[in-house]
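> Here is a sequence together with a model predicted from it:
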Amino acid sequence: MVESAAMLIRERGIHGVGLREVVAHSGGPRGSLGRYFPGGKTQLMTEAIDLALADVFVELERTLSEAESFPDAIAEIVAPWRYLLVEHDFALGCPLAATVVDAITANPDLRVHVSELLARYQAAVAGVYVKFGDPPAQAAEESTVLFAALEGALILARARRDTEPLDIVERHFAARAPNQA
């Protein structure tokens, strides 16, 4: 059920996913919702988002620590999103963005959880800037701009059904290594 919820969130956002749809998509018994998710939809969505990003975060943190150049690190930041779009025929996007848009007022606990995940992702990206020469304050700003550009590129890529917006973001940021500024 958690895997189904993660997939559906990426396709439709939080409000576009009902518990009945999750049960139908997963093929699981409806009674298991109450048993395994006593916190209701919030608990299920939180676990789904965590699952959707767990592998991405672990792999990203590993590859970023191993990156030998700034352009290589930028490529590693963009690659999972490009893969996700292509592998799922441009139907899936970032579950964090979808959740923030949907849950900003209706579900403060979920918004806070997603905000913490975004901070973790942004810290990993800021670490790349520090690794390649930016001071921490500058790295935090650069990671904010990169993350905003990446989220925008994901939206454009899904709308156009083309990875070109991601390619542009990758080229733009890879060409602006901290030691080149």
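The structure has been received and is ready for your questions.
> Moving C-terminal from the helix or strand of the chain with the lowest mean pLDDT, which element do we reach first?
Taking mean pLDDT, DSSP states H and E as the measure, the chain has helix 95-103 as its least confident helix or strand, at a mean of 71. Once the chain leaves helix 95-103, the next helix or strand it forms, by DSSP states H and E, is helix 108-131.
> what about the closest residue to Ala177 other than its chain neighbours, neighbour count?
Residue nearest to Ala177 in three dimensions, not counting chain neighbours: Phe70, with 3.7 Å by CB to CB, 6 or more residues apart in numbering. Using the backbone N, CA and C atoms, a C-beta is placed for each residue, glycine as well. When neighbours are defined as other CB atoms under 10 Å, Phe70 has 22 of them.
> Pro136 too?
Considering only other CB under 10 Å, Pro136 is surrounded by 11 other residues.
> do the same with the one 5 residues further on
Neighbour count of Glu141, defined by other CB under 10 Å: 13.
> Need phi/psi at Cys94.
phi -80, psi 120 (degrees, to the nearest 10).
> Which residues are in contact with the nearest residue to it once chain neighbours are set aside?
Leaving out its chain neighbours, the residue that sits closest to Cys94 by CB to CB, 6+ apart is Leu154, at 5.6 Å. Counting by CB atoms under 8 Å, 6 or more residues apart in numbering, Leu154 makes contact with Trp81, Leu85, Gly93, Cys94, Ala97, Pro165, Leu166.
> Give me the pLDDT value at the residue nearest to Ala177.
Reported pLDDT at Phe70 in the predicted model: 96.
> Surely it is in contact with Val130?
No. Look at Phe70 against Val130 with CB atoms under 8 Å: they stay out of range, at 11.3 Å.
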